[in-house]
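1. Compute the structure for the input listed below.
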Amino acid sequence: MDIFRAEARPSRRVAEEYFTGEVWQDPIVETPEPARAKAVRVIFSPGARTNWHTHPLGQSLHVVAGIGHIQVWGGPVRVIRPGDTVWIPPGEKHWHGAAPDRAMTHIAIHEHIDGVHVEWLERVDDAQYAVAPQDKPAEA
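-> Next up, the predicted model:
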């Protein structure tokens, strides 16, 4: 058993090449082989968002605070709220981030294949981000 002390794992600002706006991560766990799980708490300032990206084994997001937006390539922008959990299947192109006027925090959980847990793609430009969300509850 390992205990990972919070004070030994400081918050870090994420790479600007993969995100727009101010985004911070707090590591939760990155399991050693043969396990493949990684989890981080991600804090998006208002208007901040990821680039378009995919995950080879999918991704789960659990919103813990604020209001967020999420979109699958070719689909509508959706609103996500505290308590919502989103499953993104393997290879599905998507982005997620905070609403324009609200911060958002979520827990991101994903697995890796040979150390790869994400493929970063192009930025979500301001016109794509500005599309009004389809505001309805997530599907069960």
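2. who's in contact with P46?
-> Residues near P46 by CB atoms under 8 Å, 6 or more residues apart in numbering: G21, A98, A99, P100, D101, R102, A103. All C-beta atoms are positioned from the backbone trio N, CA, C, and that covers glycine.
3. try G21
-> F44, S45, P46, G47, A48, R49, G97, A98.
4. wait, the last one sits on F44?
-> This means A98. Yes. With contact defined as CB atoms under 8 Å, A98 and F44 form a contacting pair (3.8 Å).
5. Give the intersection of the neighbour lists for the two.
-> Residues within reach of A98 and of F44 at once, by CB under 8 Å, 6+ apart, are G21, G66, G68, M104.
6. Go through these and give me the one with the most neighbours.
-> The most crowded member of the shared contacts of A98 and F44, judged by other CB atoms under 10 Å, is G68 (28 neighbours).
7. which residues does the closest residue to T31 other than its chain neighbours bridge with?
-> Nearest residue to T31 in three dimensions, chain neighbours excluded: A37, at 4.8 Å (CB to CB, 6 or more residues apart in numbering). Applying DSSP bridges to A37 yields these beta-bridge partners: E111.
8. Check the gap between the closest residue in space to R13 that isn't next to it in sequence and E111 for me.
-> With sequence-adjacent residues excluded and distances taken as CB to CB, 6+ apart, R13 is closest to W24, at 5.8 Å. Using CB to CB, to the nearest Å, W24 is found at 23 Å from E111.
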